[in-house]
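**Q** this one's sequence-less:
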DNA sequence: ATCACGATTGGGAGCGCTCCCATACCATCG
DNA sequence: CGATGGTATGGGAGCGCTCCCAATCGTGAT
């Protein structure tokens, strides 16, 4: 036993040095094998790999990080104000995607919730001090300076969603315009003639995109734009309820509504019920996000699904590329959405 | 510039050594200040703190980890089979709690999803190699060997939930028995006389506890146990639907049902509607978990809420204590649940 | 056979920190 | 007044790895 452990690290775990000794080579060579350097002969590589297997050697992260000056970790930052996100499939999908993309690397995922502004500052400092190789930002608000701040420090950053049309920071987004368009085309295709929309806050880029998609679909179908058919919400159920009542007051004859979020669709559904309109009989309804809510509404809600897992993967790939290639290019990825048809339309 | 940077780390960030130079003390002293050692005079401490502030010094994690042989990170492990968890408030609450408890430490949270068995093995190896100081396990199955495996390696571990009555691994759980009991007492208190239950899989400890709570409440109310009023589900909506039909077939006169999960309550509600029973008029319904579902059901579902955030905090505190004190004691924490009353009962 | 040059390889130096021993200093005590 | 026992402090050693330069070993060209 003592022999087997000779020269072992202080936990009794084998070190590079020991692997080298066992394989009859130098430290440098083992390091090269581990890091996949091509400058190693096949014979030597095989011997080293054998020794690694024999000893059950696992490289010591902290030592690597210190020597190589990279941390082999990336942070996933979630502003917790968006607590909402957490219980939605959105966040779940993102994590799944990120995690899936990381599984074949030896990169760690650090999860950081940011509540107070104090924590934001703290994270900025933290990120600045070499502790992560890159940052994934989820659900950034339009006026959040953090992305630029991090980017200016030279830290690779990728966000989900854009803050505006000409987002300077690399991002992965879903095709909000296309999704909305698809939803409205679907409603028109089902024979609906008067399609209204309940849109999100005008200061959120995604909300504007969804509204654009709605308008584009109507235009493509040769319908005149009609602002009477557009009501504003703020993505919440309450706002959806109010908007629906407003729309019905303005245009009692409408027969379909595209809601820019599922909770708003939920609110709209409630308003419709109260006013004696059936769904989908009198009014067809489509939501956005395909949350758990949608599946459980009565009737189940047709909704636009974001490829959340794909977005998580894409973000991660983009970030790893930034880290490894340090490229000057700012990757922008746009993923397609999918309409999930249910009984509400 | 060059002067300001003299002796700086390779990223231009200040090192301990520089702080020491600026404060006019030795490395060891600065280290003591940073680590809160009492063996430093107030004068010296103040000088060092000033130098740290002046330089904006932030300790280099990897270097600390290497020298001190601790990683300053804990892992939160989630078996992704429980993908379900993700979209429930449960997971969200746990993360929030863990994160809140870590915010004043410099401990990192690593998130690890485990999908395939291969990944489980990989994680075990990973965890074994010094990369985390401890592990939080969420939602472990009754037959999962991972907790014991990790514990045997001497790695501090805390789980949510128990696998059985005499769980050997430290855990934090909510009071399932008490929660169920409270729910049933509530139903009885509302004047219901024939309270049935749809319970979870018999091989899950939490499900057995909830059933025990149900029975205990009836017993306390002086009601005879009646197996005809107990139906098995597997926590899914479908199983709740089937169980409800079964119960009604057996006992058409029942007037209340305690469901051991919200999705089962959802299924039960559907069955009741189909069979022309009103909720809560004919049958009162109570669920468990207080998921988003509960709030959005029609009528909104009374449900037993787990203190998820509190559980996250408790797990973290327990783990940190295990890490710091290396105690031989196996902390077991049981937190109370809360009945959230809504229109369904 | 000799020389140059690329492919491999070994191992020194050093990453920034903690640990701990040796030293310096100070107040108290016999 | 010197011995004694603390308390502060400085700094050497070393954590396990990567980087990189120098050394070694072929191999083909001359």
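**A** In hand now; what should we look at? This structure is a prediction, so every number in the text was calculated from the model and none was measured. Residues are numbered from 1 along each chain as shown, chains lettered A, B, ... in the order given.
**Q** all helices for the stretch 151-300 of chain A, in order.
**A** Assigned by DSSP state H, counting those that start in this stretch, the helices in the stretch 151-300 of chain A fall at A:176-189, A:205-220, A:237-250, A:262-274, A:292-296.
**Q** okay if I get these as JSON lines plus distance to residue A:104 and mean neighbour count?
**A** For the C-beta atoms, the positions are set from N, CA and C on the backbone; glycine is no exception. As requested, the helices of the stretch 151-300 of chain A are exported to JSON lines (distance: least, C-beta to C-beta, whole Å; neighbours: other C-beta atoms under 10 Å in any protein chain shown):
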{"stretch": "helix A:176-189", "distance to residue A:104": "31", "mean neighbour count": "22"}
{"stretch": "helix A:205-220", "distance to residue A:104": "31", "mean neighbour count": "20"}
{"stretch": "helix A:237-250", "distance to residue A:104": "41", "mean neighbour count": "20"}
{"stretch": "helix A:262-274", "distance to residue A:104": "34", "mean neighbour count": "23"}
{"stretch": "helix A:292-296", "distance to residue A:104": "30", "mean neighbour count": "21"}
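**Q** residue A:114: which of these is closest?
**A** helix A:205-220 (20.0 Å; C-beta to C-beta).
**Q** which other residues reach the closest one?
**A** When contacts are defined by C-beta atoms under 8 Å, 6 or more residues apart in numbering or on different chains, helix A:205-220 is touched by residues A:142, A:161-165, A:173, A:176-185, A:188, A:195, A:197, A:199-202, A:224-225, A:230, A:235, A:258, A:260, A:288.
**Q** tell me if the lengthiest helix in chain A is near DNA strand D.
**A** The longest helix of chain A (DSSP state H) is helix A:308-325. No: between helix A:308-325 and DNA strand D, judged by C-beta under 7 Å from any atom of the strand, nothing touches; the nearest distance is 12.2 Å.
**Q** the closest residue to residue A:15 other than its chain neighbours: how many residues sit nearby?
**A** Nearest residue to residue A:15, sequence neighbours excluded (C-beta to C-beta, 6 or more residues apart in numbering or on different chains): residue A:9, at 4.7 Å. By the criterion of other C-beta atoms under 10 Å in any protein chain shown, residue A:9 has 17 neighbours.
**Q** for residue A:9, give me the pLDDT.
**A** With respect to pLDDT, residue A:9 has a value of 70.
**Q** close enough to count as contact, it and residue A:17?
**A** No: at 9.0 Å, residue A:9 does not count as touching residue A:17 under the criterion of C-beta atoms under 8 Å.
**Q** tell me how many other residues surround residue A:104.
**A** Residue A:104 - counted by other C-beta under 10 Å - has 7 other residues nearby.
**Q** give me the pLDDT value at it.
**A** Confidence at residue A:104, expressed as pLDDT, is 87.
**Q** which one of the residues in chain A is closest to DNA strand C?
**A** residue A:28 (2.1 Å; C-beta to the nearest atom of the strand).
**Q** that residue: which element?
**A** Following DSSP states H and E, the helix or strand that holds residue A:28 is helix A:27-34.
**Q** mind putting the helices of the stretch 151-300 of chain A into CSV with distance to residue B:330 and mean pLDDT?
**A** What follows is the helices of the stretch 151-300 of chain A, written out as CSV (distance: least, C-beta to C-beta, whole Å; pLDDT from 0 to 100):
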stretch, distance to residue B:330, mean pLDDT
helix A:176-189, 50, 98
helix A:205-220, 48, 96
helix A:237-250, 44, 96
helix A:262-274, 43, 94
helix A:292-296, 36, 83
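**Q** could you dump the ones you listed into a markdown table and include distance to residue B:129?
**A** Output for these, formatted as a markdown table (distance: least, C-beta to C-beta, whole Å):
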| stretch | distance to residue B:129 |
| --- | --- |
| helix A:176-189 | 43 |
| helix A:205-220 | 42 |
| helix A:237-250 | 48 |
| helix A:262-274 | 43 |
| helix A:292-296 | 38 |
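**Q** returning to that earlier point: give me the mean pLDDT for the next helix or strand after the helix holding residue A:28.
**A** Per DSSP H and E, the first helix or strand lying C-terminal to helix A:27-34 is helix A:42-55. Regarding helix A:42-55, the rounded mean pLDDT is 95.
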